[in-house]
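**Student:** this one's sequence-less:
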């Protein structure tokens, strides 16, 4: 029987397979969290709150893209010599 993957390994594999979804979800959660935080500060105008939320989300997105690049780099360096696209294009024998 094959060994079951650890929780971290399965999450890492999902992130490698779904990089854009991961970055998009981080952006969405970043802007939602930033809006929630800025709305709790009553001494700011609404336009300033929205601008701050956008800036925070942009910073989080850049960090997520840099993280995705690092994951891709290490995945590329440590990839087995097997064809990485084999699971997408099954070979009929």
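**Tutor:** Everything's here; your move. Nothing here was measured: the structure is a model prediction, and the numbers come from that model.

**Student:** helices or strands next to the longest helix seen in the chain in the packing?
**Tutor:** Ordering each helix of the chain by length in residues (DSSP state H) puts helix 46-78 first. With contacts defined as 3 or more CB pairs under 8 Å, 6 or more residues apart in numbering; DSSP states H and E, the secondary structure elements packing on helix 46-78 are helix 7-17, helix 19-39. Using the backbone N, CA and C atoms, a C-beta is placed for each residue, glycine as well.

**Student:** what's the angle from the longest one to helix 46-78?
**Tutor:** Taking axes from the mean of the first three to the mean of the last three CA atoms, to 10 degrees, one finds that helix 19-39 is oriented at 150 degrees with respect to helix 46-78.

**Student:** and helix 19-39, how far out from the chain's middle?
**Tutor:** Average the C-alpha atoms of helix 19-39, do the same for its chain, and the two points are 11 Å apart (CA atoms, centre = their mean, to the nearest Å).

**Student:** next: the shortest one.
**Tutor:** With CA atoms, centre = their mean as the basis, helix 7-17 stands 11 Å off its chain's centre.

**Student:** could you give the angle of the longest helix of the chain to helix 7-17?
**Tutor:** 100 degrees.

**Student:** buried residues in helix 46-78?
**Tutor:** Within helix 46-78, the residues that count as buried by 16 or more other CB atoms under 10 Å are 49, 52, 53, 56, 57, 60, 61, 64, 65, 68.
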